[in-house]
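[1] A predicted structure for the sequence below; I have some questions about it.
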Number of protein chains: 2
Amino acid sequence: MSATQPLDFLKETKKQIDGHIFDFLPSEHDHPEVHQFYQMMLDYPLRAGKGLRPAICLLICEAFGGNPQKALNTAAALELLQNWALIHDDIEDGSDLRRGEPCLHQKYGIPIAINVGDGLHCRMWEMLNRNADLLGYELAFEISSEFAQLSNSIVEGQHIELSWVENNRWNLTEADYWTMCIKKTASYTCITPCRVGALIAGSSKNETEPFINIGTNLGIAFQIQDDALNLIGEERLYGKEIGGDISEGKRTLILIHLLNACSPGEAKRITEIMGQHRADKDPDEIQEVLDLMKRYGSIHYAQQHAKTLAKKAYTQFNQAFSNLPASQAKDIFLDLISFLIEREY
Amino acid sequence: MSATQPLDFLKETKKQIDGHIFDFLPSEHDHPEVHQFYQMMLDYPLRAGKGLRPAICLLICEAFGGNPQKALNTAAALELLQNWALIHDDIEDGSDLRRGEPCLHQKYGIPIAINVGDGLHCRMWEMLNRNADLLGYELAFEISSEFAQLSNSIVEGQHIELSWVENNRWNLTEADYWTMCIKKTASYTCITPCRVGALIAGSSKNETEPFINIGTNLGIAFQIQDDALNLIGEERLYGKEIGGDISEGKRTLILIHLLNACSPGEAKRITEIMGQHRADKDPDEIQEVLDLMKRYGSIHYAQQHAKTLAKKAYTQFNQAFSNLPASQAKDIFLDLISFLIEREY
């Protein structure tokens, strides 16, 4: 490991993971339509994501005494998971931009984009099957089971969120938000990347249990910061349209705080705006909601909450794994926790 | 095995497979939205499908000397594969009915239906992971690899078909149709069910090679008959809207025959009608295309072709596996080939 800073490490990992993914995914076929399909499957993976999840997996593997090269295939599968899920998520949310470019369904239509997402989903399991040769049957199966559990969690979290939109439901508590967010985000952003990294390093399933709490706190913190950046970030850095969450009516901790803090009249107005179809919202209305979020300190509240959770994760990690020897990988992982909360993209 | 007729065998298998699937899929959850999601995942599997693919898998396993109980989990995974693929397929094709009821996206909207399909897709891999305990690691991995190959094939075939629609392409040859149909239908209807059945019975991968040709011929024959029933079947038996393939502009062998047989003026009119958006087509226009298909003998042509292919598959099977001892399972499998072509649903 040569990079010593979280950002450098993320960049270096991204390069390695990209290499692995592009070696694995097919890119050429004699049949023109199949060739085109292969190119479309490469579209999202080629866009400049952060590569956060594979980085966490590799760092934990190394910090736990494992060889991160052995975790590369699994780390890349996490990235494929993100890519198929994002393609479908973007359709389901009616999003416009992803990583600074039009979403796949905006480029090729919904039917083709659904199918490209399915294609990447299948390739993810094919990639996980390769672990049999790399890690032996038993560990390979254990990792595939972690991915099965993770995938179930993601679709359940996604269903909770989609149901809120479908039923135009706004009377949500923070607890409702935590449940959705743990299932949809925390599992795949932190819990599973940490667990599979440790498993590949030789930890037992029991030894990886503390990552459930650590990853939950860290994952929620990450999501809250993502929601905050969606409102106050710079589009150029952030890669999605600023205020996009307001246009698509997303239920964030920020919004839940606002609805509980504002007057009943304001709440009525906010849910009227948020509940409209995306195309019917004008920029002034989006600005109106954003101004209220700022006036009631909702963004600040959520960001403070994210910091508290990240600190908690930091402490939990040091307590649960106090016997873990000092290492560069461990330091970078801990620095990454801070970076995730301070980041601007 | 107690059933001696293909239809009885299909019914009996369906009951066993349904039992296995409903034991496996979750149906209850304290969280109301997750509970609802579980119910939605059960929707397509609960509808009365034929259960053809699992039946083929179990029959071949038994005919090859294996214990079909050991193949039950894999056979059920084939059924889950069909269900997630159908949910997405119905969205991609803009279909209305599936197995006599409104399609999932017609009931709950596209976003929720995409995600329910993803949920079943994840559960399919989870089910395949169970083979490790049932069949041992090595065979379990071999079967998962067959499923990975199969899934890749299905999405590629689906992409070819979706591209034809997207690009309004009508100048297709029979060869174009075969390529799409082998990838999309033959693989999962026949090739893989036969192969995994034989693998579980203890055959080597090499010994299952003849199933590629047999399954290709049988799978195409099945698809052609399906396309014919879509035009001339009874909606009550068939479970989809009659003429639905014309409304959705589907490129079938029947249509390709018609476009090559009719006058240039008629071909222009046919592609005008077929290329319209589904909602813009009126029943008279659908009838007009159907009448031309009948007048030019296109349906008869395709059905004859299906019969020839099924006979070829029958002969190939008897030649390739001439050493296979006589058994009830083998007889039912061979009867099933005839049934598939004579069926009315």
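    Perfect, thanks for sending it. In this text the structure is predicted, and so the values were computed from the model without any measurement.
[2] what ranges do the helices span in the stretch 51-200 of chain A?
    For the stretch 51-200 of chain A, applying DSSP state H, counting those that start in this stretch gives helices covering A:52-63, A:68-93, A:104-108, A:110-129, A:131-135, A:137-166, A:174-181, A:192-200.
[3] and the gap between the closest residue to A:Asp245 other than its chain neighbours and B:Ala75?
    Distances taken as CB to CB, 6 or more residues apart in numbering or on different chains place A:Asn230 nearest to A:Asp245, at 4.6 Å, with adjacent residues excluded. Every residue, glycine included, has its C-beta placed from N, CA and C. Note on A:Asn230: its distance to B:Ala75, by CB to CB, to the nearest Å, is 45 Å.
[4] Reformat the helices of the stretch 51-200 of chain A as a markdown table; add mean neighbour count.
    Converted to a markdown table, these look like this (neighbours: other CB atoms under 10 Å in any protein chain shown):
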| stretch | mean neighbour count |
| --- | --- |
| helix A:52-63 | 27 |
| helix A:68-93 | 24 |
| helix A:104-108 | 19 |
| helix A:110-129 | 25 |
| helix A:131-135 | 18 |
| helix A:137-166 | 21 |
| helix A:174-181 | 18 |
| helix A:192-200 | 28 |
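[5] between these, which one is nearest to B:Glu12?
    Nearest of these to B:Glu12, taken as CB to CB: helix A:137-166 at 29.7 Å.
[6] quick revisit: the residue nearest to A:Asp245 against A:Ile254, yeah?
    No: applying CB atoms under 8 Å, one finds A:Asn230 not in contact with A:Ile254, separated by 9.1 Å.
[7] the more surrounded of these two?
    Under the criterion of other CB atoms under 10 Å in any protein chain shown, the comparison of A:Asn230 against A:Ile254 puts A:Ile254 first, with 27 against 21.
[8] Spit out the contact partners of the more buried one.
    Going by CB atoms under 8 Å, 6 or more residues apart in numbering or on different chains, A:Ile254 touches A:224, A:227-228, A:231, A:293, A:298-299, A:301-302.
[9] Just the ones in helices from those, please.
    Judged by DSSP state H, the subset of these located in helices is A:224, A:227-228, A:231, A:293, A:298-299, A:301-302.
[10] Where does the stretch 201-345 of chain A get nearest to chain B, which residue?
    With CB to the nearest CB, the shortest gap between the stretch 201-345 of chain A and chain B falls at A:Glu248, namely 10.9 Å.
[11] Leaving out chain neighbours, which residue sits closest to that residue?
    A:Asp93 (5.0 Å).
[12] can you pull the pLDDT of A:Lys281?
    Note on A:Lys281: pLDDT of 81.
[13] tell me the contacts of A:Phe141?
    Contacts for A:Phe141 (CB under 8 Å, 6+ apart) come out as B:129, B:132, B:137, B:140.
[14] hmm, try it at 10 Å
    A:128, A:131-132, A:135, B:129, B:131-133, B:137, B:140-141, B:144 (CB atoms under 10 Å, 6 or more residues apart in numbering or on different chains).
[15] try A:Gly244
    Contact analysis of A:Gly244 by CB under 10 Å, 6+ apart lists A:93-97, A:230-231, A:235, A:238, A:250, A:278, A:286.
[16] how about 8 Å then?
    With contacts defined as CB under 8 Å, 6+ apart, the neighbours of A:Gly244 are A:95-97, A:230.
[17] same thing with A:Glu156?
    If you count contacts by CB under 8 Å, 6+ apart, then A:Glu156 has A:183-184, B:34, B:37, B:119 around it.
[18] now, which of the residues you listed sits nearest B:Asn217?
    When the contacts of A:Glu156 are ranked by distance to B:Asn217 (CB to CB), B:Gly119 comes first, at 34.2 Å.
[19] Run through who's touching stretch A:82-99.
    A:44-45, A:47-49, A:53, A:102-106, A:110, A:113-114, A:116-121, A:124, A:154, A:158, A:162, A:188, A:239-241, A:244, A:248, A:250, A:278, B:110-112, B:114-115, B:118.
[20] and the nearest residue to A:His305 once chain neighbours are set aside, what does it touch?
    Once flanking residues are discounted, A:His305 sits nearest to A:Ile224: 6.2 Å by CB to CB, 6+ apart. By CB under 8 Å, 6+ apart, A:Ile224 lies in contact with A:252-254, A:302-303, A:305-306, A:309.
[21] Which one of those residues sits in the busiest neighbourhood?
    Neighbour-wise, those (other CB under 10 Å) top out at A:Ile254, 27 neighbours.
[22] after the lowest-mean-pLDDT helix or strand in chain A, next one along is what?
    Taking mean pLDDT, DSSP states H and E as the measure, chain A has helix A:235-238 as its least confident helix or strand, at a mean of 57. Where DSSP states H and E defines the elements, the next helix or strand beyond helix A:235-238 is helix A:244-247.
[23] Now that next one: average pLDDT?
    Taken as a whole, helix A:244-247 has an average pLDDT of 85.
[24] Output it as CSV, nothing but the C-alphas.
    Extracted in CSV, the C-alpha atoms of helix A:244-247 (Å, rounded to 0.1, in the frame of the first residue of the first chain):
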residue,chain,number,x,y,z
GLY,A,244,-32.6,16.8,-7.0
ASP,A,245,-33.8,15.1,-3.8
ILE,A,246,-36.4,17.9,-3.4
SER,A,247,-37.6,17.5,-7.1
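[25] For it, what is the distance to the chain centroid?
    Distance of helix A:244-247 from the chain centroid (CA atoms, centre = their mean, to the nearest Å) equals 18 Å.
[26] What of stretch A:37-44?
    Taking CA atoms, centre = their mean, one finds stretch A:37-44 lying 20 Å from the centre of the chain it belongs to.
[27] Burial check on A:His45, number of neighbours?
    One thing to correct before we go on: residue A:45 is Pro, not His. Neighbour count of A:Pro45, defined by other CB under 10 Å: 21.
[28] Please name the residues that touch it.
    A:Pro45 is in contact with A:18, A:21-22, A:25, A:79-80, A:83, A:120, counting by CB under 8 Å, 6+ apart.
[29] A:Tyr177 now?
    Residues in contact with A:Tyr177 (CB under 8 Å, 6+ apart) are A:251-253, A:256.
[30] A:Cys57 now?
    Going by CB under 8 Å, 6+ apart, A:Cys57 touches A:71, A:74-75, A:78, A:193-194, A:196-197.
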